[in-house]
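Colleague: need the 3D shape of this:
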Amino acid sequence: MSINLTYAVFGLGRYGLSVAKELASSGAEVLAVDIDENVVNDAVEFIPYCKCADVTDADVIRQLGISNVDTVIIAMAGKLEESVMATMLCKDANVPNVIVKCANEMHKKILEKVGADKVVFPEKDSGTRLAKNLLSSGFIDIVELSKDVSMFETKVRDEWAGKNLVDLDLRKKYGINVVALCEGDEVTTEINPTKPLEKDMKLIVVANGEKLKKLK
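Modeller: Numbers count the residues shown, from 1 in each chain. Predicted coordinates for the structure are as follows:
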């Protein structure tokens, strides 16, 4: 996923607002929706495209043009029925990626059964972190170690497969440091830099934020 994709965020509580603000501030096209007009009016300051609407209504989903959105984030964890309905309507509208915030494991199972592509727990996954993951092209997960430095997991790119870390010299080319290697369920920090990388491997890397943009 990347900045070139389109996003919609349903529910502008603390979590949803943080997702929408991070996406918008990074230059992504994002539509923010909440049923509370006061919440929407407050959010307009940070997110240009805000709507006051009921996302559990099929007609509203059509009017908002949700079928043209690449990813919808449903951030209404305290309202299971509304989350379920919104998820189903988004999948009926052929939204490729629907991410839903949930309150507990039981809700997670229900939401997955009705079509959610990913379910997140707000106490484990901050809204800002989710937005960064969505915007990070090819990066599987991101953890901010400090204001300027992040650690992330990335797949081995096609052009890297068959080459080793010595030949690739990722530190010199991208300013990143490979700290661990993942093969299946195995993770090792004892990396053989002369071993060729395989397509199904993943790298855990530490990089400066500016260097991260270069790698994207």
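
Colleague: can you pull the contacts of the residue of the chain most remote from its centre?
Modeller: Most distant from the centre of the chain: Thr194, at 32.9 Å, with distances by C-alpha atoms, centre = their mean. Thr194 sits next to 164-166 when contact means C-beta atoms under 8 Å, 6 or more residues apart in numbering. For glycine as for every other residue, the C-beta is placed from the backbone atoms N, C-alpha and C.

Colleague: closest to Leu31 among the residues you listed?
Modeller: Taking C-beta to C-beta as the measure, Leu31 lies nearest Leu165 of the contacts of Thr194, at 41.5 Å.

Colleague: skipping adjacent residues, who's closest to that closest one in space?
Modeller: Ranked by C-beta to C-beta, 6 or more residues apart in numbering and with sequence neighbours excluded, the top spatial neighbour of Leu165 is Pro193, at 4.2 Å.

Colleague: that neighbour contacts Asp167, doesn't it?
Modeller: No - contact criterion C-beta atoms under 8 Å: Pro193 and Asp167 do not qualify, at 9.2 Å.

Colleague: can you pick the most crowded of the contacts of Thr194?
Modeller: Counting neighbours by other C-beta atoms under 10 Å, Leu165 leads those with 19 neighbours.

Colleague: enumerate every residue touching the closest residue to Val44 other than its chain neighbours.
Modeller: Among residues not flanking Val44 along the chain, Cys50 sits closest, at 4.9 Å (C-beta to C-beta, 6+ apart). By C-beta under 8 Å, 6+ apart, Cys50 lies in contact with 12, 31-34, 40, 43-44.

Colleague: of those, which belong to strands?
Modeller: 31-34 (DSSP state E).

Colleague: can you list contacts of stretch 99-115?
Modeller: Stretch 99-115 has contacts (C-beta under 8 Å, 6+ apart) with 11, 15-16, 71-78, 80, 83-84, 87-88, 90-91, 98, 116-122, 130.

Colleague: should've said stretch 37-45
Modeller: Counting contacts by C-beta under 8 Å, 6+ apart, the residues outside stretch 37-45 that touch it are 12, 17, 20, 32-34, 50-52.

Colleague: please redo it, this time with the cut-off set to 10 Å
Modeller: With C-beta atoms under 10 Å, 6 or more residues apart in numbering as the test, stretch 37-45 has contacts from 9, 11-13, 16-17, 20-21, 24, 32-34, 36, 47, 49-53.

Colleague: helices of this structure, start to end?
Modeller: Here the chain has its helices, by DSSP state H, at 14-25, 37-43, 58-63, 80-92, 105-113, 127-135, 165-168, 170-174, 209-215.

Colleague: with only the CA atoms kept, save the fifth one in PDB.
Modeller: As requested, C-alpha coordinates have been extracted for helix 105-113 and formatted as PDB (Å, rounded to 0.1, in the frame of the first residue of the first chain):
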ATOM      1  CA  GLU A 105     -11.200 -11.700  20.600                       C
ATOM      2  CA  MET A 106     -14.800 -12.700  20.200                       C
ATOM      3  CA  HIS A 107     -15.500  -9.500  18.200                       C
ATOM      4  CA  LYS A 108     -12.400 -10.300  16.100                       C
ATOM      5  CA  LYS A 109     -13.800 -13.700  15.100                       C
ATOM      6  CA  ILE A 110     -17.200 -12.200  14.200                       C
ATOM      7  CA  LEU A 111     -15.700  -9.400  12.100                       C
ATOM      8  CA  GLU A 112     -13.400 -11.900  10.300                       C
ATOM      9  CA  LYS A 113     -16.400 -14.100   9.500                       C
END
